[in-house]
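Trainee: Return a 3D structure for these sequence lines:
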Amino acid sequence: MIRLLAFLLVAMPLYLHAQKGMVNFWAEFGRPTGEFRQNTDAVGIGFGMGGYFSFDKENLFYLGADLSYDIYGKSFDSDGFYEVVTNNNILQFHGVLRLKPSTGKVVPLVEGLYGFKYLYTISKLKEDLLSSPEAIKTTFHDIALSYGGSAGLHIPLGEKNTALEFRVQYLKGAEAEFVDGKSIRQDGIDHAIANPKRSTTDMIVFKIGITLGW
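Mentor: The predicted structure follows:
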């Protein structure tokens with residue numbers, strides 16, 4: 001095993017240099033499922049990016065990583081002088097193994113993913129909703145292991161290695177504590193009362209984006 005890892009560390013950068021790669025930028029919509037859905041009716045809306053490099057001569061297999069951000073709940077409170085805006089967020093990072101044929105007018109793709117999701121809540125103190133925040137604080141956060149798979153379509157656009165991509169991901173998530181827009185409220189401006197929940201964090205995520213290849 002050690003010899004294999006040493007070989008990959010030496011040989012892979014030289015081999016990847018001659019192979020195709022791609023970057024992907026997308027918008028996404030995420031829906032909690034299972035226990036996660038039973039504990040929150042919020043949905044995630046966000047964006048992300050990823051990069052992948054082929055490691056075989058046929059450009060069939062790709063290794064890479066995805067990073068995405070979603071906001072899945074927002075709440076407001078006011079004492080008549082200041083506004084408190086609370087956002088609930090998910091940051092997800094996954095290593096990706098992608099299987100995608102190199103040619104075709106409409107190319108199917110499948111992926112395996114393994115990584116983590118970071119759930120956190122941020123409150124911002126403002127004079128009004130349109131002003132810049134005067135104070136920002138993270139009021140709650142937790143991290144959970146995340147893994148799963150996805151399937152989609154890669155649709156080339158013209159002859160410049162640009163494509164439209166549609167993907168649907170199912171991500172199993174380990175247990176985490178979290179809040180959403182309905183489980184946190186301000187008790188005055190300087191104090192927040194959270195009613196955190198704990199469950200697994202499974203999600204289905206729908207993505208649409210543009211891929212640039214070389």
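Trainee: So which residue is smack in the middle of this protein?
Mentor: S68 (2.9 Å; Cα atoms, centre = their mean).
Trainee: give me the low-pLDDT residue ranges for the chain?
Mentor: For the chain, the stretches flagged by pLDDT under 70 are 1-19, 78-82, 126-138, 159, 181-194.
Trainee: re earlier: how many neighbours does the nearest residue to the residue nearest to the centre of the chain once chain neighbours are set aside have?
Mentor: Leaving aside its sequence neighbours, S68 sits nearest to G48 (Cβ to Cβ, 6 or more residues apart in numbering; 3.0 Å). Just so you know, the C-beta spots here come from the backbone N, C-alpha and C atoms, and that holds for glycine as well. Residue crowding around G48 was assessed by other Cβ atoms under 10 Å; the count is 21.
Trainee: And the contacts of the helix or strand hosting G48?
Mentor: Element membership of G48, judged by DSSP states H and E, is strand 44-54. Residues external to strand 44-54 that are found in contact with it (Cβ atoms under 8 Å, 6 or more residues apart in numbering): 16, 19-32, 60-72, 90, 92, 96, 98, 203, 205, 207, 209.
Trainee: and the residue nearest to the centre of the chain, what does it touch?
Mentor: W26, E28, G46, F47, G48, M49, L91, Q92, V205.
Trainee: quick one: the strand or helix carrying V96 to strand 44-54, angle?
Mentor: Assigned by DSSP H and E, V96 falls within strand 83-99. For strand 83-99 against strand 44-54, the angle by axes from the mean of the first three to the mean of the last three Cα atoms, to 10 degrees is 30 degrees.
Trainee: and whichever helix or strand comes after strand 83-99, what other elements does it pack with?
Mentor: Downstream of strand 83-99, the next assigned helix or strand under DSSP H and E is strand 107-126. Helices and strands touching strand 107-126, as assessed by 3 or more Cβ pairs under 8 Å, 6 or more residues apart in numbering; DSSP states H and E, comprise strand 61-78, strand 83-99, strand 135-157, strand 162-173, strand 176-178.
Trainee: gap between the nearest residue to V85 once chain neighbours are set aside and Y147?
Mentor: For V85, ignoring the flanking residues on the chain, the nearest one in space by Cβ to Cβ, 6+ apart is K124 at 4.8 Å. As judged by Cβ to Cβ, to the nearest Å, K124 and Y147 stand 33 Å apart.
Trainee: is it true that T40 touches A176?
Mentor: No - using Cβ atoms under 8 Å, T40 makes no contact with A176, being 11.7 Å away.
Trainee: partners of Y170 in the sheet?
Mentor: Beta-bridge pairing for Y170 (DSSP bridges): G149, I204.
Trainee: Contacts only, for it.
Mentor: T33, G148, G149, S150, D202, M203, I204.
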